[in-house]
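J.: Test case, fold it:
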Amino acid sequence: MMNFVVKTIANAGALAVAVWLLDKITLTGDSTGKEIGTLIIVALIFGLVNFLVKPVVKLLSLPLLILTLGLFTLVVNALMLLLTSWLADRLDLSFHVEGFWTAVLGGLIISVVSWALHVVLPDGD
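T.: This is a model prediction of the structure:
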């Protein structure tokens, strides 16, 4: 359970950095509390998408991953971020990613920040 909480906090922090750095990734709310709540829910959705959908997409795109020496992972990460944005829109959450290239850059930022936070935050397992 502690590992789940740590991963969710890391995802929320990484998403917050991406929102802060990129103008085309938006998170809006009436108050700071609502923005934080939305960010945590979006982090949970992002974690669920990465847990359920990403392995299937990576398996199906394995030839491209091998051919590009893993660089296609940036495209897979962008697609997961766009899927998260689409799901957030369906759930009336105020999180939006505008465009594929923004998603690629956002996915790269989220990957780097998430990795750094996982190094710093304690692991419960």
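J.: avg pLDDT for stretch 31-38?
T.: The average pLDDT within stretch 31-38 is 90.
J.: Let me know the outermost residue of the protein.
T.: Distance to the chain centre peaks in the chain at Leu67, reaching 24.7 Å (criterion: Cα atoms, centre = their mean).
J.: I'd like the distance from it to Ser61, if you could.
T.: Using Cβ to Cβ, to the nearest Å, we find Leu67 at a distance of 10 Å from Ser61. Any C-beta I mention is one placed from the backbone N, CA and C, and that applies to glycine too.
J.: Next: Leu121.
T.: Taken as Cβ to Cβ, the span from Leu121 to Ser61 is 30 Å.
J.: between the two, who's got more neighbours?
T.: Neighbour totals were compared for Leu121 and Ser61, and Ser61 leads with 17 against 14 (other Cβ atoms under 10 Å).
J.: per-residue confidence at the more buried one?
T.: pLDDT, Ser61: 93.
J.: Same check on Val57?
T.: Predicted confidence (pLDDT) for Val57: 93.
J.: repeat for Met1
T.: On the pLDDT scale, Met1 gets 69.
J.: and if you look at the one 3 residues further on?
T.: The predicted local confidence for Phe4 comes out at a pLDDT of 83.
J.: and what of Pro122?
T.: Checking the pLDDT column for Pro122, the value is 73.
J.: Show me what the lowest-mean-pLDDT helix or strand in the chain is packed up against.
T.: None of the helices or strands of the chain scores lower by mean pLDDT, DSSP states H and E than helix 2-21, at a mean of 89. Helix 2-21 is packed against strand 25-27, helix 32-52, helix 100-120, with contacts defined by 3 or more Cβ pairs under 8 Å, 6 or more residues apart in numbering; DSSP states H and E.
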